[in-house]
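Participant: task: produce atomic coordinates for the following.
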Amino acid sequence: MNRHSVALLMTICVVSLLSSRLSHAVVFGDFELSHAAVFGDFEYRDNGTTITITGYNGTGGDIIIPETIDGKPVTEIGSRSFENKVKTPSTLTLPSTLTTIGWEAFRGCSGFTGSLTIPEGVTIIGFNAFRDCMGFTGSLVIPEGVTTIGDDIFNNCAGFDGTLTLPSTLRRIGKFAFSDCSGFTGSLVIPEGVTTIGGWAFGHCSSFTGSLTIPEGVTTIGFGAFQACRGFTGTLTLPSTLITIGVNAFCGCSGFTGTLVIPEGVTTIVGGAFRGCSGFSGLTLPSTLTTIENCAFAECSGFTGSLVIPEGVISVGEIAPYVGAFSDCSGFTGLTLPSTLTTIGLEAFRGCSGFTGSLVIPEGVSTIVGGAFAGCSGFNGSLVIPEGVTWIGGGAYEGCSGITGLTLPSTLTEIGQGAFLGCSGISKAVFLGNAPTDMGEEVFKDTAEGFFVVCSPESTGFTFPEWMGYPCKRESVEGAGM
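Facilitator: Residues are numbered from 1 along each chain as shown. This next block holds a predicted model:
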């Protein structure tokens, strides 16, 4: 090692020794060596006119963060300064001089008990700041001045058992902000200035009560934002500015009552958005709607009256293997489908046993997926499947015992297993075209006594006097599909 290297090493050692004894940054030539000084159980950084707490070396108990250090106000709790360091029963007192709480500042401090008071001067709270601090109790007030509640800030703070107060300055509520805070009680009031509610923002906050109003200005409600908030007991009001309702946004909110009005401007009701909201008694859909995905309103058994799917909707549910869009909405008494409809998805209306009257399938429909109307035992009269339909899925009309007649189109090429199983009122099925090339088992099992199949004199693919195990005869079918 040459003499220049030795001199540099000695200089660094001296500077390091000096910096360990001083409470401010040390400048050597063009270099500044910053460090954390110590005050009691706290490490801190001197910013010149303010102090930032950067670490904690204590063992818990009553943790009181000082108002000042060396006569300078403590304005910031630095990122990760207390992360996972408080595991024994402890209380936390924040200084009135505080303005900023850094990201993950107190994350995982499961030992905190008692109330959490955030000083009025705080305007910034970083993501994950109090995540998994499940021992805090009482109410929580987010002070005026805070504009953003970032992702996961109070995630899994399940110990809070009072009310939650949000500031009028708030504009954005991040993902998982209060998720699993199952102890919050009372009404949840979302301030008027909020424009975005992130995914799972209030997911599993099951103890909120009363009505919920999403304020004007909100355009997006994220996935699972209010999932399993089953404590709400009043109405749900959605704003006219709303464009997007996320997957499972209100899934399991079974306590909401009154009519659910989806505002104009919404084009898609995504999967599970209102699944299990069994307390609603009415539903109004917007004219802008084009798609209703699987599970969107599944198990909303409290809906009553007629269900009118507006013109413009092209699909109700999907082919994918999930619960149907309106499955088990057993309270509806009538159904009107739009002329724009092309796809009736998997189990779309399964178990809607309250539907009455004739079932009219629009002429533009090409696909009726399995289980689409299974268990809709209240429909009556004849069922005419329109020209253009090529596939009727397995169990599509299983258990539709009130239907008394059936006409199938010339375009039909496939009928799934048990498509009309248990349709005990159907005495004959009229085929307007050739025999389907793909025919499942038990398609017409347990239909009316004496059931038979009718096909036109010009049709091909049928066998006589029996086809697929059912009596079959040729007759004129002219006018049968009218």
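Participant: in the stretch 351-482 of the chain, where is pLDDT below threshold?
Facilitator: 479-482 (pLDDT under 70).
Participant: show me where it has its strands.
Facilitator: Using DSSP state E, counting those that start in this stretch, the strands found in the stretch 351-482 of the chain span residues 367-368, 381-384, 391-392, 403-408, 414-415, 428-431, 438-439, 452-455, 466-467, 470-474.
Participant: deepest of the ones you listed, which one?
Facilitator: Greatest average neighbour count among those goes to strand 391-392 (a mean of 24), per mean count of other CB atoms under 10 Å. All C-beta atoms are positioned from the backbone trio N, CA, C, and that covers glycine.
Participant: the closest residue to Thr336 other than its chain neighbours: neighbouring residues, count only.
Facilitator: Of all residues not flanking Thr336 in the chain, Val308 sits nearest, at 4.6 Å (CB to CB, 6 or more residues apart in numbering). Burial of Val308 is recorded as 14 neighbouring residues (other CB atoms under 10 Å).
Participant: Ser110 versus the spatially closest residue to Gly78 that is not a sequence neighbour, what's the distance?
Facilitator: Among residues not flanking Gly78 along the chain, Thr54 sits closest, at 4.5 Å (CB to CB, 6+ apart). Look at Thr54 and Ser110: by CB to CB, to the nearest Å, they are 22 Å apart.
Participant: and Leu346, by the same measure?
Facilitator: 44 Å.
Participant: neighbour-wise, which of those two wins?
Facilitator: Legend: neighbour count by other CB under 10 Å for Leu346 and Ser110, higher for Leu346 (25 against 18).
Participant: measure that one to Asn294 for me?
Facilitator: Distance, Leu346 to Asn294, by CB to CB: 7 Å.
Participant: common neighbours of those two, please.
Facilitator: Common neighbours of Leu346 and Asn294 (criterion: CB atoms under 8 Å, 6 or more residues apart in numbering): Gly317, Glu318, Ala320, Tyr322, Gly324.
Participant: tally of neighbours for the second one?
Facilitator: This points to Glu318. For Glu318, using other CB under 10 Å, the count is 20.
Participant: doesn't Glu293 make contact with it?
Facilitator: Yes - contact criterion CB atoms under 8 Å: Glu318 and Glu293 qualify, at 6.3 Å.
Participant: any chance of the backbone angles for the residue nearest to Gly78?
Facilitator: Main-chain torsions, Thr54, degrees, to the nearest 10: phi -110, psi -10.
Participant: output the below-cut-off pLDDT ranges for the stretch 1-150 of the chain.
Facilitator: 1-35.
Participant: just the strands from it, written as ranges.
Facilitator: So, for the stretch 1-150 of the chain - with DSSP E, counting those that start in this stretch - the strands run 26-28, 31-33, 37-39, 42-46, 51-56, 61-64, 68-69, 72-77, 90-93, 100-101, 124-125, 140-141, 148-149.
Participant: nearest spatial neighbour of Gly364, skipping sequence neighbours?
Facilitator: Excluding its sequence neighbours, the residue lying closest to Gly364 (CB to CB, 6+ apart) is Thr342, at 5.4 Å.
Participant: and the one you found, how many neighbours?
Facilitator: 14.
Participant: wait, isn't it in contact with Val316?
Facilitator: No - Thr342 lies out of contact with Val316 (CB under 8 Å); the separation is 9.9 Å.
Participant: burial of the closest residue to Ala36 other than its chain neighbours, as a residue count?
Facilitator: Leaving aside its sequence neighbours, Ala36 sits nearest to Glu43 (CB to CB, 6+ apart; 4.1 Å). Glu43 is flanked by 18 other residues according to other CB under 10 Å.
Participant: and if you look at the one 3 residues further on?
Facilitator: Residue neighbour count, defined by other CB under 10 Å, stands at 19 for Asp46.
Participant: that one contacts Ala37, correct?
Facilitator: Yes - between Asp46 and Ala37 there is a contact at 6.7 Å, judged by CB under 8 Å.
Participant: which residues touch stretch 98-107?
Facilitator: Contacts for stretch 98-107 (CB under 8 Å, 6+ apart): 65, 74-84, 86, 92, 112, 118-119, 121-133, 150.
Participant: ok, stretch 285-295 next?
Facilitator: With CB under 8 Å, 6+ apart, stretch 285-295 has contacts from 262-273, 275, 308-318, 320, 322-327, 345-346.
Participant: which ones among the residues you listed map onto strands?
Facilitator: Thr268, Ile269, Val308, Ser315, Val316 (DSSP state E).
Participant: would you point out the most distant pair within the residues you listed?
Facilitator: Spanning the widest gap among the ones in strands among the contacts of stretch 285-295 are Thr268 and Val308, at 17.7 Å by CB to CB.
Participant: distance between the ends of stretch 223-233?
Facilitator: 21 Å (CA to CA, to the nearest Å).
Participant: same deal with stretch 429-437?
Facilitator: Start and end residues of stretch 429-437 are separated by 17 Å (CA to CA).
Participant: centre of the chain to it, how far?
Facilitator: How far stretch 429-437 lies from its chain's middle: 43 Å, per CA atoms, centre = their mean, to the nearest Å.
Participant: got a list of contacts for that stretch?
Facilitator: 387, 405-415, 420, 444, 451, 453-456, 459-462, 467, 477, 480-481.
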